[in-house]
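*Asks:* pasted the sequence and its predicted model underneath.
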Amino acid sequence: MSARLIKRVLNEQYRPLEVKKEEEEEDNQLQGEESASPESVSRPSVNPFDLLNDDDSEPDQESELKSLNERLRRSDDDEELPSSKYAAVVSTSNLKSKKKKKKKNKNNSLLSKNRDEKELDQIIENLSLDVNPSTEQQVSTKDRAANVKDQCKTVKQQSFSILQVDPKYLNAENELRRIFGSKVVKSFESSNQPSSSRPIRGVRRGHYNLRKTVLVHPADHWPRWDGSLSMEFLETKDGYNYFRYEHTSSYSQAQMSFEAAKAVNDLNGLASILLYHPYHLDTLLTMAEYFKVVGEQQMSADSIAKCLYALECAWHPMFTPMQGNCQLKFSHEINKPMFTALFTHMKNLDRRGCHRSALEVCKLLLSLDSDDPMGAIFCIDYFALRAEGYAWLEKFSEDYKSDNSMWLFPNFSYSLAVCRFYLEKLEQEVSQDACRDAKKASSTDLMKQALMLHPSVIKKLVAKVPLKDRVWTNILKHAFFRSDQIGIPSQDHLINLYVERNYLIWRLPNLQKLLSDAAQLVLETIENDRSEVKDWACVRKEAFSSEKNEYGHLLVSDFSDSVASIPQENLQNFMGAPRMREVGQNENEVVNLPGNGHVLRDVNNRSALAVLFESMLPWVTYGDGEDGAANEHQHDNQ
């Protein structure tokens, strides 16, 4: 008898009793009252997870059916009740039928799904055949417009990239370690630290951590940032994000105190402001100038660093100046301290010999305002040459957007020739047979153009460097190089800026030879063709057409390495009158901010400027009560 026939017979005979017997069987299993027959013991239990397996093979089904037939024959021999003996067979057959139904349903659903997808694809294809050609033209027009926008974005990104700042080069200590080695820098720092015999105070202020900044690294003895500044996002225009600083009410009160002290030149009043508002920008900048003229260069640099620390702590989350895509206009009065502090910090880095760090600060200063109010464009070439960034300087002169061509400025006319001179030397060192790029002029040709355009530079350099060889005497005898003035105010002023900033690089013998050889070639050209002098005169008038000095706001002293000093006796008049000292003390009591790490010591009998000098040192703190009295007694003993 076949398996299919057995299942059909069993289903017809025992279908009415199926549900009832299954319930009785489940009760017997729960109560443990099943018969102990060999068939019941040897019967394998059904795994419910087998219902999830839809991939059963046909040989397994046939083996199960054979086992069921054997059970049926045994049950006939034992003469047991059919209802109890075939209950398991019925349940097992039901499981197999459910599996097959699931398989069929699954296959049917897959077939119907595939059929629907084919119909949908066919509909789409039919619709695509009826597409209007005008829509294709519209799509292509949109694509072209998108491509144009993408190209504009790439051009802006290229202009941004030339002024991108690398934060790792802003740290002057890292550059000093690269130049002199870490051992030399560590020994220098240890020698400048206070001796162990002098107790280091201010430990009680070490419970807070100063914020980490990029422009400067705050010292441990600095007070906590008081949050007196913030930055406002204005707009986005032409790919640039525009920002502006904002003051809090406490900062405005300190600004009023500053204006009152400044009106009568009261340095004690300014010092009193810093005791309660250690991050007031205008006061820090003023005290930095004072420390510089009295010879305290380290304290001046510390004041500028505090100013930059406060400015950076107030940055807006969207303000990313290192990318070169942010504008902080100098026309807003509230933004001016940022430019002054960056320019002074750049000069301080240059005095320390950290020219690469100064170059990065100069790039940042130039990127903040496209109008370049501080004249960063007239010293960026110097820092690039000192940092040996010759390839970058050439790329900058080609990519940076300006009203005039870059090579028309005196500093770039000569600096690009010097840059090309060093690049030619590098090419010769790499390969003796390397051919020079025909598209680029040689260093001698560039130097000739610079001398023809700005001839008065030679006489100023001879006097400033100084150059004492006889060849310079012969060159200066010629009428073309005899004068130290061109007669155009803007050009003469820019030449003065260039000589004051870049005269140091002309002390190298190889550059002096390049300059003298180019000057000799210029004299030969003039003797052969006098019309070339007139042509270059026309170029000068076209490049500097204004009859006024357009760069008069840039002081030559700001581009100088020399520091003007004032004798101490001449500074006594600026220490402030007693009346202003009382005003400063009363205003300090009003605008005192709690929790900034400074508590005013008794300065009635002592100059506020003297207290400020001590507050700038890392081992000095201010306290009240017993701590303040002990500090005062220890200071008197010292």
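*Replies:* Great, that's in hand. Residues are numbered from 1 along each chain as shown.

*Asks:* need the CA coordinates for stretch 167-182. CSV is fine.
*Replies:* C-alpha atoms of stretch 167-182 as CSV (Å, rounded to 0.1, in the frame of the first residue of the first chain):
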residue,chain,number,x,y,z
PRO,A,167,47.7,74.6,13.1
LYS,A,168,50.7,72.4,13.9
TYR,A,169,53.0,75.2,12.7
LEU,A,170,51.4,77.9,14.9
ASN,A,171,53.2,76.5,18.0
ALA,A,172,56.5,78.5,18.3
GLU,A,173,57.9,75.9,20.8
ASN,A,174,57.6,73.2,18.2
GLU,A,175,59.5,75.3,15.7
LEU,A,176,62.3,76.1,18.2
ARG,A,177,62.6,72.3,18.8
ARG,A,178,63.0,71.7,15.1
ILE,A,179,65.7,74.4,14.8
PHE,A,180,67.7,73.9,17.9
GLY,A,181,66.7,70.5,19.2
SER,A,182,64.5,69.5,22.2
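
*Asks:* what comes up buried for the one helix or strand residue 542 maps to?
*Replies:* According to DSSP states H and E, residue 542 maps onto helix 531-543. Neighbour-count burial for helix 531-543 flags 536, 540, 543 (criterion: 16 or more other C-beta atoms under 10 Å). Glycine gets a C-beta too; all of them are placed from N, C-alpha and C.

*Asks:* do the same with stretch 329-338
*Replies:* Applying 16+ other C-beta under 10 Å to stretch 329-338 flags 329-330, 335-338 as buried.

*Asks:* how long is it end to end?
*Replies:* 10 Å (C-alpha to C-alpha, to the nearest Å).

*Asks:* so residue 366 sits against residue 378, correct?
*Replies:* No - in this structure, residue 366 is not within contact of residue 378 by C-beta atoms under 8 Å, at 10.3 Å.

*Asks:* check the burial of residue 487 by counting its neighbours.
*Replies:* As a burial measure, residue 487 scores 11 neighbours (other C-beta atoms under 10 Å).

*Asks:* next: residue 165.
*Replies:* For residue 165, the count of nearby residues is 21 (other C-beta under 10 Å).

*Asks:* spit out the contact partners of the nearest residue to residue 505 once chain neighbours are set aside.
*Replies:* Closest residue to residue 505 apart from its sequence neighbours, by C-beta to C-beta, 6 or more residues apart in numbering: residue 385 at 6.0 Å. Residue 385 sits next to 393, 415, 418-419, 502, 505 when contact means C-beta atoms under 8 Å, 6 or more residues apart in numbering.

*Asks:* now do 7 Å
*Replies:* Residue 385 makes contact with 415, 418-419, 505, according to C-beta atoms under 7 Å, 6 or more residues apart in numbering.

*Asks:* of those, closest to residue 494?
*Replies:* Nearest to residue 494 out of the contacts of residue 385 is residue 415 (C-beta to C-beta; 12.7 Å).

*Asks:* surely residue 243 is within a strand?
*Replies:* Yes - looking at residue 243 with DSSP: H, G, I helix; E, B strand; the rest coil, it is inside a strand.

*Asks:* I'd say it and residue 235 touch.
*Replies:* No - assessed by C-beta atoms under 7 Å, residue 243 is found out of contact with residue 235, at 9.5 Å.

*Asks:* quick one: which of the two has more around it?
*Replies:* residue 243 (23 against 9).

*Asks:* in the sheet, which residues pair with that one? Tell me.
*Replies:* Counting by DSSP bridges, residue 243 is bridged to residue 233.

*Asks:* would you mark the buried spots in stretch 215-224?
*Replies:* Judged by neighbour count using 16+ other C-beta under 10 Å, the buried positions of stretch 215-224 are 215-216, 218, 221-224.

*Asks:* tell me the one of the residues you listed nearest residue 444?
*Replies:* For those, the nearest to residue 444 is residue 215 (40.6 Å; C-beta to C-beta).

*Asks:* contacts only, for residue 332.
*Replies:* Per C-beta under 7 Å, 6+ apart, neighbours of residue 332: residue 244.

*Asks:* now it: how far from residue 369?
*Replies:* Note on residue 332: its distance to residue 369, by C-beta to C-beta, to the nearest Å, is 10 Å.

*Asks:* same check, this time on residue 474
*Replies:* Between residue 474 and residue 369 the computed distance is 45 Å (C-beta to C-beta).

*Asks:* before we move on, what about residue 296?
*Replies:* Taking C-beta to C-beta, one finds residue 296 at 30 Å from residue 369.

*Asks:* likewise residue 282?
*Replies:* Residue 282 is 19 Å from residue 369, where distance means C-beta to C-beta.

*Asks:* with residue 446 instead?
*Replies:* 30 Å.

*Asks:* leaving out chain neighbours, which residue sits closest to residue 504?
*Replies:* Leaving aside its chain neighbours, residue 504 sits nearest to residue 561 (7.7 Å; criterion: C-beta to C-beta, 6+ apart).

*Asks:* can you tell me the closest non-neighbouring residue to residue 322?
*Replies:* Of all residues not flanking residue 322 in the chain, residue 165 sits nearest, at 4.4 Å (C-beta to C-beta, 6+ apart).
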